[in-house]
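this one's sequence-less:
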Ligand code: EPZ
């Protein structure tokens, strides 16, 4: 397994182009199963999760062609059973269920594995499918779903932590080909769900209210091929913005969508970071001393859970106390013990981490555990004195396109070490 070797203490300077959003492109790729016609998806980030999704679509019978940062998919003839091992590997694969139900009225997928940040149940996805008339059985690690007819329904999709992003995406995709009208209450409002709805609409779906907690879908007989440009990744943008502040540099993010980042930019400004917006570019640098801020992660448009770990690094360097409360996932503090190896002083109290910031960080070998925790460890390594080795970098490659290349271009002393 590769690792990243980082020599810290170098402020980042320069420009970085933000790639397409992982959490938009995965459901959008799944949505190509809803039509027999060819779809073209552009601005696709080069990520291992995206490659996986391409393999899953191909295992279902779709023709999948990658052309640089574009994918051409034609799901002319497909079957309803996914490749067990492929699907188990990636949580995002669950979003093939909705399109398979919409197109074939049946779907068999493996129960997606939980991961280090939590159990990752799919009860809300299944509740939505059942409301549309689907029969669900779970056996031997597989979820079997089939429906004589898919009939539109009014359904409430809120769960233990509020709305579900992929649950909303899944049910919305199935509903596009159901008979009649479906109303999803407590729908997710994330920009990635809006981007998916825009792609579905380009395919001929009839959807209103997306971006609000109430989405209405009027079923149609069939959908046709479409082309789509994926929105930029607000989480990648936030990660680079925080890295700029943590290393006391100045970085301009090209092609970002500041309108998707209000909660993130608000907290950064509160922490003493200057964020200047020029069109779709954002220039980020410190604005004097860093200040502690309290953060609670919430569904959109609240502060995103996917930026919690990265912000914790900035707070660990900021003199004072900040309290970071994780309300979305039940165990998303795996990075805390690794940050402690670098000298961070953080105590976990239930859903909150109490960060006693201001101690200088010093380099050490650390272990990546999940995608965003890995990004946090890279930021910490760049801000720390001395050398940090981040192991198990495959976590990073799932969600960040060429992150070491992009960071080197900004001046970071970061090398990828292939495991011998
Ligand atoms: C999406 O996961 C993202 N992944 C996650 O990003 C992101 O953290 C998450 O949304 C929240 O914003 C993709 O889009 C591929 P949820 P998703 O369903 O849809 C509970 C990253 O780092 N829940 O919104 O799986 C669940 O346990 C990843 O890029 C149920 O209880 O998340 C969690 O507590 C990590 N039952 C909460 O809802 C269900 O049926 C939110 O989960 C579904 C979810």
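Great, that's in hand. Source: prediction; values computed, not measured. Residues are numbered from 1 along each chain as shown.

residue 168 contacts residue 156, doesn't it?
No. At 11.6 Å, residue 168 does not count as touching residue 156 under the criterion of CB atoms under 8 Å. (Glycine included, C-beta is placed from N, CA and C.)

of the two, which one has the most company?
A count of neighbours by other CB atoms under 10 Å puts residue 168 above the other of residue 168 and residue 156, at 29 against 14.

for the residue nearest to residue 184 when sequence neighbours are not counted, give me phi and psi.
The shortest distance from residue 184 to any residue other than its chain neighbours is 4.6 Å, reached at residue 215 (CB to CB, 6 or more residues apart in numbering). The phi/psi pair for residue 215 (degrees, to the nearest 10) reads phi -110, psi 130.

then residue 218?
Residue 218 adopts backbone torsions of phi -100, psi 120, taken as degrees, to the nearest 10.

could you tell me how many residues sit around the residue lying closest to it once chain neighbours are set aside?
With CB to CB, 6+ apart as the measure, residue 206 is the residue that lies nearest to residue 218, at 4.1 Å, once sequence neighbours are left out. Each residue near residue 206 was counted by other CB under 10 Å, and the total is 14.

please report the distance of residue 206 from residue 182.
Taking CB to CB, to the nearest Å as the measure, residue 206 and residue 182 are separated by 10 Å.

what's the answer for residue 247, then?
Taking CB to CB as the criterion, residue 247 is separated from residue 182 by 47 Å.

please apply the same query to residue 401.
Distance, residue 401 to residue 182, by CB to CB: 35 Å.

ok, residue 331 next?
33 Å.

the more surrounded of those two?
Neighbours per residue, other CB under 10 Å: of residue 331 and residue 182, the larger number sits with residue 182, 26 against 15.

one step back: for the residue nearest to residue 184, what are its contacts?
With contacts defined as CB atoms under 8 Å, 6 or more residues apart in numbering, the neighbours of residue 215 are 168, 172, 183, 184, 187, 197, 207, 208, 209.

part of a helix, is residue 372?
Yes. Note on residue 372: a helix contains this position according to DSSP: H, G, I helix; E, B strand; the rest coil.

tell me the SS of the residue lying closest to it once chain neighbours are set aside?
If you skip the residues right next to it in sequence, residue 372 has residue 309 as its closest partner in space, 4.8 Å away by CB to CB, 6+ apart. For residue 309, the secondary-structure state derived from three-state DSSP is helix.

wait, residue 309 sits on residue 376?
Yes. Taking contact to mean CB under 8 Å, the distance of 3.7 Å between residue 309 and residue 376 places them in contact.

what is in contact with those two at once?
Taking CB under 8 Å, 6+ apart as the contact rule, the neighbours common to residue 309 and residue 376 are residue 335.

strands of the stretch 1-150 of the chain, start to end?
3-7, 13-17, 38-42, 63-67, 70-74, 106-110, 135-139, 142-146 (DSSP state E, counting those that start in this stretch).

can I get those in a markdown table with mean pLDDT and mean neighbour count?
Compiled in a markdown table, the strands of the stretch 1-150 of the chain are given as follows (pLDDT from 0 to 100; neighbours: other CB atoms under 10 Å):
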| stretch | mean pLDDT | mean neighbour count |
| --- | --- | --- |
| strand 3-7 | 97 | 21 |
| strand 13-17 | 98 | 15 |
| strand 38-42 | 98 | 20 |
| strand 63-67 | 98 | 14 |
| strand 70-74 | 98 | 20 |
| strand 106-110 | 93 | 21 |
| strand 135-139 | 94 | 12 |
| strand 142-146 | 94 | 19 |
